[in-house]
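# Provided below for reference: sequence and predicted model.
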Amino acid sequence: MDRRGRPSLTERGILPPVPPVVAPPAVPAPPAVPGGVPVGLTAAQLGRAPVRRAGRGIAVVAWVPWTDGSYHRVEAFAGEWTSSAVRVRWFGGDGTLRDVWVWAAGVHRPEEGAAPGGLRARGRPGSTPARAGSGPPRSSAR
């Protein structure tokens, strides 16, 4: 019935019934950091190679694996490295200091013209290896 006491348009069959309004399901909030937690190299993967240390952190760009299987590009600082791995540190989007060892192939200095994806050319035919002891491995693709 409407305000005047007459049957409504739906009751008279002129308009179809209106379904009730239902609130959409709650959408979970996105995680504070991509993929949850970064995954670093294990002690077995690092081996016993000598570790070099920088007096100050060296600005680098690194591809870091996360627990969900994804890789994220982070702007970080390298403070230690071996011939095959680099320890990178950066602040996550939530302000947390992150610190992991990653393979050197996924790290380059931002001012250099690195190969697509941040990979170094070392180990590929025709590539020039990085200079030993001169800091984290450099990208030799130019």
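Nice, I can see it.

# Excluding sequence neighbours, find me the nearest residue to Arg87.
Excluding the flanking residues, the one nearest Arg87 by CB to CB, 6 or more residues apart in numbering is Glu80, at 4.2 Å. (C-beta placed from N, C-alpha, C; glycine too.)

# tell me which strands and helices the strand or helix carrying that neighbour is in contact with?
Per DSSP states H and E: Glu80 is located in strand 71-81. Packing partners of strand 71-81 (3 or more CB pairs under 8 Å, 6 or more residues apart in numbering; DSSP states H and E): strand 52-65, strand 85-91.

# how close does the nearest residue to Ser84 once chain neighbours are set aside get to Arg52?
Nearest non-adjacent residue to Ser84, counting by CB to CB, 6+ apart: Ala104, 5.5 Å away. Remark: distance between Ala104 and Arg52 (CB to CB, to the nearest Å) = 12 Å.

# Spit out the residues that contact those two alike.
Trp81, Thr82 (CB atoms under 8 Å, 6 or more residues apart in numbering).

# Who has more neighbours out of these two?
Ala104 (21 against 15; other CB atoms under 10 Å).

# Run through this protein and note the low-pLDDT ranges.
Along the chain, the parts satisfying pLDDT under 70 run over 22-35, 111-142.

# ok, now with 90
1-37, 47-49, 54-57, 67-72, 91-96, 110-142 (pLDDT under 90).

# Would you state the helices of it in chain order?
43-46 (DSSP state H).

# circling back to that earlier point, what lies in contact with the strand holding Glu80?
34-35, 38, 51-54, 57-66, 86-90, 98, 104, 106-107, 110, 118, 135-137.

# what's across from Val61 in the sheet?
Glu75, His108 (DSSP bridges).

# what about it, how many neighbours?
So Val61, with other CB under 10 Å, has 20 neighbours.

# quick one: it from Pro17, how far?
59 Å.

# for Gly106, same thing?
For Gly106 relative to Pro17 (CB to CB), the value is 60 Å.
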